[in-house]
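In: I'll drop the sequence and a predicted model, then ask my questions.
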Amino acid sequence: FTTDQVAKLETTDLALLADTQIQALTTAQVAAFTTNQIQALTTAQVDKLSAVQIKALTTAQISGFETTDIKVLDDTQIKALTSSQIKALTTAQIHVLDETQIKSLTTVQIANLETTDLAVLETTQIQALTTTQVVALTTTQIQELSTVQIHALDATQVKSLTAAQVAKLETTDLVALDTT
């Protein structure tokens, strides 16, 4: 298929592509998908996209993924997301990331999460952050975490906070810290 042909594929036809056909698509072909085509991909098809194919997707395509599609991304696919793609993730998409996916985020990706996206993280997702990821949070991100989220940090995570990060915590956040 040429990229023009890919862009003209009916969503019903796209849904019929086998796993091997999905895996055989070039990055140019994947990048040619429309948002409607991205949304028409089955979860099984999204699961078969390679890290290279994921990296080739536009920010509009990334934000077009259904939350069920985001749930199936493995650590290699997650790590392939560029800073722009991370910023393009919707709050709903961020909210469905499981603990393993959260741990897969690189420090650059963590630093590029929008504060509105961080705001939707559940306590289990906050607890999944590695100490390296906690250090990667910008002072703005730290400042925007809720008291509940700050309280969810375990002792190791709290000890990893930098002086600049601690300086951005509010009094209610400091009270919420549990360093035991």
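Out: Thanks, I have it.
In: Stretch 88-107: end-to-end distance?
Out: 17 Å (C-alpha to C-alpha, to the nearest Å).
In: Now that stretch: buried residues?
Out: Neighbour-count burial for stretch 88-107 flags 88-90, 93-97, 101-102, 104-106 (criterion: 16 or more other C-beta atoms under 10 Å). Just so you know, the C-beta spots here come from the backbone N, C-alpha and C atoms, and that holds for glycine as well.
In: Please apply the same query to stretch 64-75.
Out: 64-66, 69-73.
In: what does stretch 168-179 give?
Out: So, applying 16+ other C-beta under 10 Å, buried residues of stretch 168-179: 168-169, 173, 176-177.
In: how close does I78 get to T20?
Out: Between I78 and T20 the computed distance is 23 Å (C-beta to C-beta, to the nearest Å).
In: okay, those two: which has more neighbours?
Out: For the pair I78 and T20, the greater number of neighbours falls to I78 (21 against 8), based on other C-beta atoms under 10 Å.
In: isn't the more buried one right next to D98, touching?
Out: No. At 10.4 Å, I78 does not count as touching D98 under the criterion of C-beta atoms under 8 Å.
In: Redo the buried residues of stretch 64-75 as CSV? Include secondary structure.
Out: Output for the buried residues of stretch 64-75, formatted as CSV (DSSP: H, G, I helix; E, B strand; the rest coil):
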residue, secondary structure
G64, helix
F65, coil
E66, coil
D69, helix
I70, helix
K71, helix
V72, coil
L73, coil
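In: Could I get the average pLDDT for stretch 31-44?
Out: Regarding stretch 31-44, the rounded mean pLDDT is 93.
In: cool, stretch 8-20 as well?
Out: 91.
In: list the buried ones in it?
Out: For stretch 8-20, by 16+ other C-beta under 10 Å, it's 9, 14, 17.
In: what does that stretch contact?
Out: With contact meaning C-beta atoms under 8 Å, 6 or more residues apart in numbering, stretch 8-20 is reached by 1, 33, 36-37, 39-42, 44-45, 48.
In: where does the helix-or-strand element of the chain with minimal mean pLDDT sit relative to the chain's centre, distance-wise?
Out: For the chain, using mean pLDDT, DSSP states H and E, the weakest element among its helices and strands is helix 171-176, scoring a mean of 84. Mean C-alpha position of helix 171-176 versus that of the full chain (C-alpha atoms, centre = their mean, to the nearest Å) differs by 28 Å.
In: who does that helix touch, helix- and strand-wise?
Out: With contacts defined as 3 or more C-beta pairs under 8 Å, 6 or more residues apart in numbering; DSSP states H and E, helix 171-176 has these neighbours: helix 147-152.
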